[in-house]
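K.L.:
I'll drop the sequence and a predicted model, then ask my questions.
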Amino acid sequence: MAFGRSRRQHRDSGAYWPGFVDAMATLLLVMTFLLSILSVAQYFVTQEATGKDNALQQLNQQVLELTDLLQLEKNNKKELESSISLLKATLADSQEKNKDLQGLIGLETDKKLSANEMITELNKKLKGEKELSDKATAQIVILNQQLAALRRQIAALNAALEASEEKDQEQKAKIKDLGARLNVALAKRVQELSQYRSDFFGKLRKLLGNRPGIRVVGDRFVFQSEVLFPSGSDELNAAGRIEMSKLAQAINEIRREIPAQINWVLRVDGHTDKQPIFTQKFPSNWELSSARAISVVRYLMSEGVPARRLVAAGFGEHQPLENGSSAAAFAKNRRIELKLTEK
């Protein structure tokens, strides 16, 4: 009985094992499947997390860029606020100026421009000021160009001046030498004219003799007026014409000997005393002295002396030989002087 029961038990247990094995295999397959699904799910989760990280980094980068843009906008806002404040101040100043201008041009006080009209007027003025500023800028550019050109010209002039200074030193040396030569030549000509003057006076002395009323004073030959003219007259008397004919003879002789390069003249000066004269012909001593000098010149011309070698001048009573009111002083001061000189 017992043996039979044990065999049944063994047979029953042998019948359960394949089922257990199948169950375990099925369970293993299920676990494997679940692990595969879990691996796949984990892969997708990992990929999704990686994508989210990249997206998060991009979002962070965009946030940083937006932060920089926001800061830039803040700075721009500050600048705009400053500009707006400046424009407000400019607008206020322009409005004040506009009010002053309205008062200056006599606008009626009860007529006020509206806000739009004031802004329009301000815009016009700002536009005009901008145009003026543009014109001023253009003028400054032109002036700078002209200044640059002027500087170039100054540089060129300085260079030319330096070269000119070198030439100037040479020219100064030449001029100095020429001046010395000219002085020598002038001294020589003066000496020559002095020699001819001495010859002229010598001939006059021979021709006129030692007559009273005719004398030599320095470099002048002096005739007392009474020798040549009646009192208060400018017409030569007979004796005066004789003396002037002798004078013309001496001049014509000496002028042929004077070299052509010496530009000489015979100056005839009329002088009176200080006694006043007042006639219809001679309102003062100026007219009398000048008329007498001219009479002598005309007579010498009639005797062949070239007009270009003669000069007439009147001095009135203003260059006396003697001061005083005596008859002798008056007689000495009434005279005709002849002087051989250069032009």
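P.N.:
That came through fine.

K.L.:
In three-state terms, label residue 89 for me.
P.N.:
Put simply, residue 89 is helix when judged by DSSP: H, G, I helix; E, B strand; the rest coil.

K.L.:
Residue 96 versus that one, what's the distance?
P.N.:
Distance, residue 89 to residue 96, by C-beta to C-beta, to the nearest Å: 11 Å. The C-beta positions use only the backbone N, C-alpha and C, and glycine is treated the same way.

K.L.:
Then residue 231?
P.N.:
Relative to residue 96, residue 231 is positioned 93 Å away (C-beta to C-beta).

K.L.:
Between those two, which has more neighbouring residues?
P.N.:
residue 96 (10 against 7; other C-beta atoms under 10 Å).

K.L.:
So what does that one look like in phi/psi?
P.N.:
phi -60, psi -40 (degrees, to the nearest 10).

K.L.:
Tell me, what's the model's pLDDT at it?
P.N.:
You'll see residue 96 listed with a pLDDT of 79.

K.L.:
Repeat that for residue 270.
P.N.:
96.

K.L.:
Now stretch 294-314: buried residues?
P.N.:
294-297, 299-300, 303, 305, 309-312, 314 (16 or more other C-beta atoms under 10 Å).

K.L.:
Now the two most distant members of those residues.
P.N.:
303 and 314 (21.5 Å; C-beta to C-beta).

K.L.:
Just confirm residue 267 is within a helix.
P.N.:
No - using three-state DSSP, the assignment for residue 267 is strand, not a helix.

K.L.:
Pretty sure it sits against residue 313.
P.N.:
Yes - here residue 267 reaches residue 313: they are 6.6 Å apart, a contact under C-beta atoms under 8 Å.

K.L.:
what mean pLDDT does stretch 126-141 have?
P.N.:
On average, stretch 126-141 scores 76.

K.L.:
tell me the helices in the stretch 151-300 of the chain, going along the chain?
P.N.:
Along the stretch 151-300 of the chain, the stretches classed as helices by DSSP state H, counting those that start in this stretch are 225-228, 238-255, 285-302.

K.L.:
Of all those helices, which one comes closest to residue 47?
P.N.:
Of all those, helix 285-302 sits nearest to residue 47, with 135.1 Å by C-beta to C-beta.

K.L.:
follow-up on the earlier one: so which of the helices of the stretch 151-300 of the chain is nearest residue 42?
P.N.:
So among the helices of the stretch 151-300 of the chain, helix 285-302 is nearest, using C-beta to C-beta, at 143.2 Å.

K.L.:
just how off-centre is the closest one within its chain?
P.N.:
55 Å (C-alpha atoms, centre = their mean, to the nearest Å).

K.L.:
Spell out the secondary structure type for the spatially most central residue of the chain.
P.N.:
Central residue of the chain (C-alpha atoms, centre = their mean): residue 150, 10.2 Å from the mean position. Here residue 150 is helix, with the state taken from three-state DSSP.

K.L.:
and it, how far is that from residue 144?
P.N.:
10 Å.

K.L.:
With residue 120 instead?
P.N.:
For residue 120 relative to residue 144 (C-beta to C-beta), the value is 36 Å.

K.L.:
what's the domain layout of this protein?
P.N.:
Domain assignment of the chain by automatic domain parsing yields the ranges 12-112, 192-342.
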